[in-house]
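Chemist: Kindly return the folded structure for what I paste below:
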Amino acid sequence: IEVEGHTGDLFILTPIGAIVDDAPRVYQHRQNDRIDVNCHYSVNDGNKISFIIDEYDSKLPLCIDPGIEFCTYLGGSGNDVCNDIYLDSNGSVYLTGGAQSVGFPTTIGAYDQTYNGGEKDVVVVKMDSDGSSIEFSTFIGGSRGEGAGSIHVDENGYVFIGGSTGSSDYPTTVGAYDRTYSGSCMCILTKLNANCSKIIFSTFLGGDDWDWINNVLVINGTEIYISGGTTSSNFPCVSGCYDTDYNGGRRDIFVAKFSSDGGRLDYSTLLGGSGNEYNNWDTMVLDPDGYITVAGYTDSNDFPSSPNGYQTTGGGSFIIKMNRALSYIVSGTHFNGCGIGAIASFPNGSLAITGATESTTMPTTPNALDRTHNGDQDAFVAVIDTNLSTIEYCTYFGGQEWDQGFGCDIDAKGRIAFMMSTQSPNLTVSIDS
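Modeler: Numbers count the residues shown, from 1 in each chain. As a prediction, the model looks like this:
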């Protein structure tokens, strides 16, 4: 344990790497004024950490190291949900989801300031880095209902959203791949300009039943990959891709690539077995070798895997790595006993995984934070190698009731951040949270 002299950050070395806690921030409120108090970490006897605090008013509450940069409400009087978030290099926050509120806040000049009716409209919002103001906010929708599950912003500021719609009059554009609504619920892929005042392109995708997009991944501003789920036996696939035939069961996963103008479906493949498959948001990434990696759930024993996979049979979760043309599986594995909620890629190609499990026999590793299942359902965090053959790290994380991980990312220092929901009153939290 040591304190970095320049920044004042606290470094704690563990078997799986360093935990870094930012230098403490301490303040008091006197009426409407915030008064900062000098404070720094102190390490005593090698492993005892304390705060050294300068003079302060002992009659007022003292706030040490608040962990929330900002927290705000966003919505109107109806049922509004956020399904995905994206942070750009300036720290601006992009949100998408669905809104049911006529009074959901929109901005002057936005593509559509008026709620279109139906169950919900897609909403796309950009907030500044401290959450104090909305830079733009727009509805996108038709007369029935739609929602977005994924948002991506490219290096030029163009905004891509993917989701699903039940509206035949959802806005599409001239030259788009598919402008005809033909199913019970169809995928939507929409690209907006940098201030969301104009749709660049917008297209449907799907067959004659239910289809939806959960993930959008844009590479170099020109390669647009999507993944999601389908119950359509005639979901559009492209000849030469890995699997062009619906596999039966309740639903299949699909992975597809569009041209940069949204006018052409370059590649499209199904992934499935004889049972049921689905994937969540934040379950598709580009690995350092340029392969497309997707994860999800399957209860199909015949879901595809590779001979060197960590597990080659069984129902549970799956991870599949494919070439960019979606014509073959590079590596694939089952990951039984759990549901994967999100994945993220390390620079060396290993994958961080989070999700939920009711299993008491997860493959926890000796250096795990917690090797014991705690309640009805625990969250978990795992790392699997780039070949999807070896579990490098796995731990439970939970309390006495229901816990689930559903968001995951890796920072520049290689630390795994994951988001979760919990019903456990005894969940472990940090002292300075």
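Chemist: Going by C-alpha atoms from here, please, whenever you check contacts or count neighbours.
Modeler: Will do.
Chemist: Tell me which residue lies nearest the centroid of this protein.
Modeler: Asp282 (3.0 Å; Cα atoms, centre = their mean).
Chemist: Helix or strand: which one has that one?
Modeler: For Asp282, there is no helix or strand it lies in under DSSP states H and E.
Chemist: Now do the same contact list for Tyr242.
Modeler: Contacts of Tyr242 were listed using Cα atoms under 8 Å, 6 or more residues apart in numbering, and they are Thr269, Leu270, Leu326, Ser327, Tyr328, Ile329.
Chemist: which residues touch the closest residue to the third one other than its chain neighbours?
Modeler: What it means is Leu326. Nearest residue to Leu326, sequence neighbours excluded (Cα to Cα, 6 or more residues apart in numbering): Cys241, at 5.5 Å. Residues near Cys241 by Cα under 8 Å, 6+ apart: Tyr267, Ser268, Thr269, Ala325, Leu326, Ser327, Tyr328.
Chemist: what's next to the helix or strand hosting the first one, contact-wise?
Modeler: When secondary structure is defined using DSSP H and E, the element that contains Tyr267 is strand 265-271. Applying Cα under 8 Å, 6+ apart, the contact partners of strand 265-271 are 177, 236-238, 241-247, 252-259, 303-304, 325-327.
Chemist: pLDDT at Gln28, what is it?
Modeler: Model confidence at Gln28, given as pLDDT, is 85.
Chemist: Isn't it up against Ile64?
Modeler: No. Using Cα atoms under 8 Å, Gln28 makes no contact with Ile64, being 9.0 Å away.
Chemist: And the strands in the stretch 151-300 of the chain?
Modeler: Listed in chain order, the strands of the stretch 151-300 of the chain (DSSP state E, counting those that start in this stretch) span 159-165, 186-192, 199-205, 211-219, 223-230, 252-258, 265-271, 277-278, 284-286, 292-298.
Chemist: scratch that, the stretch 301-433 of the chain is what I was asking about
Modeler: Under DSSP E, counting those that start in this stretch, the stretch 301-433 of the chain gives strands at 316-322, 329-336, 339-345, 351-357, 378-384, 391-397, 403-410, 416-422.
Chemist: relative to strand 391-397, how tilted is the fifth one?
Modeler: Okay, so that is strand 378-384. Orientation check (axes from the mean of the first three to the mean of the last three Cα atoms, to 10 degrees): strand 378-384 against strand 391-397 gives 170 degrees.
Chemist: Which neighbouring elements make contact with strand 378-384?
Modeler: Using 3 or more Cα pairs under 8 Å, 6 or more residues apart in numbering; DSSP states H and E, the elements in contact with strand 378-384 are strand 351-357, strand 391-397, strand 403-410.
Chemist: where's the longest one relative to the chain centroid, distance-wise?
Modeler: When you say that, I think you mean strand 403-410. 8 Å (Cα atoms, centre = their mean, to the nearest Å).
Chemist: who's in contact with that strand?
Modeler: 282, 340-346, 352-357, 377-380, 397, 416-424.
Chemist: try the first one
Modeler: For strand 351-357, contacts defined as Cα under 8 Å, 6+ apart pick out 337-346, 377-386, 403-410, 416, 418.
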